[in-house]
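Q: any chance you could fold what I've pasted below:
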Amino acid sequence: MLKVKPYKNSDLGKKEQVAKMFDTISEDYDGLNRVISFGIDVKWRKKVVKMVEAAKPDSILDIATGTGDLAINLSQTSASKIVGLDISAGMLEVGKIKIKKKALQNKIDMVLGDSENLPFEDNSFDAITVAFGVRNFETLENGLKEILRVLKPGGTFVILETSVPTKTPFKQGYNIYTKHIMPMIGKIFSKDRSAYKYLSESASVFPYGEALNNILRKIGFIDVKDFPQTLGVATIYKSSK
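A: Just a heads-up that it's a prediction; the model follows:
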C-alpha cells in the first residue's frame, strides 16, 4: 500500500499532521494556490466540472474539498446537492464563508471527515471528485476503496492531481520550480514554512499517469482514463463504477 512520508517529523499520524498543516495555512491557501500555479488551477477545475456535468449527477461528493473551490464550481452543474468533505476544520471554515457570500448554503454542505472512513452509506453519490487531495491520503488504496464504496453504480469519479512532465526541458524546469521556487514562495507568504515543501515533495513521489490508472483499476474502477494538463504538470483522471 502506498504511503507518502509526513511533512514533519512528529508523533502524530499523517492524517493528524495533514489536518494541522492545512489548519495553519487555511487563510493563505487560496491566494498562494493562485500564485504558485499562475492561476492555471482555475482552468483545470473548470475542465473537471465539465466532465462531471456531462454525467448529469444529482448528488456530488467533493473529497479533500479544502476551502471549497471545486465544490463551489460544481454548483454550476445540475446537481441538487453537493457535499464538500475535508479533514481540516480550518479549511472548511474558510470555505463556509465563501459559500455564504455566494448564497450557496442550501446547495453545498461542508462536512468534517476522513477520506478513509467516509460517513456515508454505500452507493450514495452520482459523482465524486478529488482535487489535489489523493496524495494526502494516509493510505491511498484505503481512500480509493471508500470512494468506490459510496459511489453509485455507473457513477463518475474524477481526480485532479499534480503530475510530473516527462519531456525535456519541461521536466527539468518543473523539478527546479517545485523543489526550490515553490517552497520559497510558501516560506515567504505562509505561516507554515514547511507546508509547501511537503506539498512539493509529496507531488514529486506520487504515482501519476498509467501508474495511478493501474491502481484505480486494481481497486475496482472501470473505464479509467487520464488527461494530462499543461505539459503534464497536472493530470485529470476519469473513471466509473
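
Q: from here on, just use CA atoms for contacts and neighbour counts.
A: Noted.

Q: how about residues contacting stretch 80-90?
A: 15, 18-20, 22-24, 26, 58-66, 68, 71, 74-75, 92, 107-115 (Cα atoms under 8 Å, 6 or more residues apart in numbering).

Q: which parts of the chain are helices?
A: Using DSSP state H, the helices of the chain run over 14-36, 40-54, 69-74, 89-101, 140-150, 170-176, 182-189, 195-205, 210-219.

Q: do you know which of the ones you listed lies nearest Ala127?
A: Ranking these by proximity to Ala127 (Cα to Cα) places helix 40-54 first, at 6.9 Å.

Q: give me the mean pLDDT for that closest one.
A: Averaged across helix 40-54, pLDDT comes to 96.

Q: repeat for stretch 120-130
A: Across stretch 120-130, the per-residue pLDDT values average to 98.

Q: which residues are in contact with Thr129?
A: 60-63, 157-160.

Q: need the residues you listed in CSV with neighbour count, can you?
A: CSV is the format used below for the contacts of Thr129 (neighbours: other Cα atoms under 10 Å):
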residue, neighbour count
Ile60, 29
Leu61, 26
Asp62, 26
Ile63, 29
Phe157, 27
Val158, 23
Ile159, 21
Leu160, 25
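
Q: let's see which of these end up in strands.
A: 60-63, 157-160 (DSSP state E).

Q: now, of the contacts of stretch 80-90, which are buried?
A: The neighbour-count criterion (16 or more other Cα atoms under 10 Å) marks 15, 18-20, 22-24, 26, 59-66, 68, 71, 74-75, 92, 108-115 among the contacts of stretch 80-90 as buried.

Q: the closest residue to Phe227 other than its chain neighbours: neighbouring residues, count only.
A: Leaving aside its sequence neighbours, Phe227 sits nearest to Ile236 (Cα to Cα, 6 or more residues apart in numbering; 5.0 Å). If you count neighbours by other Cα atoms under 10 Å, Ile236 ends up with 24.
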